[in-house]
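[1] For reference, the sequence and a predicted model appear below.
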Amino acid sequence: MRLSRTNVRRFFSALMATGCVLSASAIPAGADVTLFSGVREENRLRAFQEQSGQLNATDRYKLYIPAEKLTTEISRVVISYPEAYNGEFDADDIELRIRRQEVPLENVIWNEENLTVELVLEDPLPARTRRVAVVFSNVENPGNTGTHHFNAYIQAPTETQLPPRYIGTWILQFGRV
């Protein structure tokens, strides 16, 4: 039996398409693989969702800030989230940690109108501090599938007259995206 060029091309096209589908489905949820997010790679921050973004689940988010993003000491961390995100935070269960140790906070302000969460530190955090994480516990995940960008901003004690400085974006996914 002789195969025509057209049939061979169709066969290999189908084989390649099948391989792409199988390869894509082999990536585990929460593996920090994001394609076409619109966020430049150098601005992507690492995030962990304990329940892997399960819809309507009570969850814990660990939002990591790498030491190289902390170029000055900081006294405030501001996180903005998109209007489409309809999850619920518990302001009493938001903390800043260094190496799993809680950092004393003066205040945590969840401003639902401006779509921000602000952490005000009791004492400034030194520049280049390693293993910093903002931990949101007791979060009610949104009920709709989607990808949401949480933007991170920091402010030094000497910059109180300036707006907080953007340092990166955490990409959180909910449901089967």
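    Ah, there it is.

[2] partners of the helix or strand hosting Leu172, with directions?
    Element membership for Leu172, per DSSP states H and E: strand 165-174. Sheet partners assigned to strand 165-174 using DSSP bridges are listed as strand 44-45 (parallel), strand 146-155 (antiparallel).

[3] How far does the shortest one sit from its chain's centre?
    Here the centre of mass of C-alpha atoms in strand 44-45, compared against the chain's by C-alpha atoms, centre = their mean, to the nearest Å, lies 7 Å away.

[4] Same question for the last one.
    Averaging C-alpha coordinates over strand 146-155 and over its chain gives two centres that are 7 Å apart (C-alpha atoms, centre = their mean).

[5] Give me the phi and psi for Glu68.
    Main-chain torsions, Glu68, degrees, to the nearest 10: phi -70, psi -20.

[6] returning to what we had before: can you tell me which of the strands paired with strand 165-174 is packed in deepest?
    strand 146-155 (a mean of 19; mean count of other C-beta atoms under 10 Å). From N, CA and C alone the C-beta is placed, and that goes for glycine too.

[7] tally of neighbours for Arg76?
    Applying other C-beta atoms under 10 Å, we find 20 residues neighbouring Arg76.

[8] In JSON lines, list the strands paired with strand 165-174 along with mean pLDDT and distance to Trp110.
    Output for the strands paired with strand 165-174, formatted as JSON lines (pLDDT from 0 to 100; distance: least, C-beta to C-beta, whole Å):
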{"stretch": "strand 44-45", "mean pLDDT": "97", "distance to Trp110": "20"}
{"stretch": "strand 146-155", "mean pLDDT": "97", "distance to Trp110": "13"}
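
[9] what's the following helix or strand after the helix or strand Trp110 falls within?
    Trp110 belongs to strand 105-111 when assigned by DSSP H and E. Scanning forward in sequence from strand 105-111 by DSSP H and E, the next helix or strand is strand 116-125.

[10] Next up, the contacts around Lys62.
    Going by C-beta atoms under 8 Å, 6 or more residues apart in numbering, Lys62 touches 47-48, 50, 133-135.

[11] List buried residues within the residues you listed.
    47-48, 133-135 (16 or more other C-beta atoms under 10 Å).

[12] Run a quick check on Arg46 versus Lys69, I expect a contact.
    No: at 11.1 Å, Arg46 and Lys69 do not qualify as touching, with contact defined as C-beta atoms under 8 Å.

[13] Alright, that wraps it up for me.
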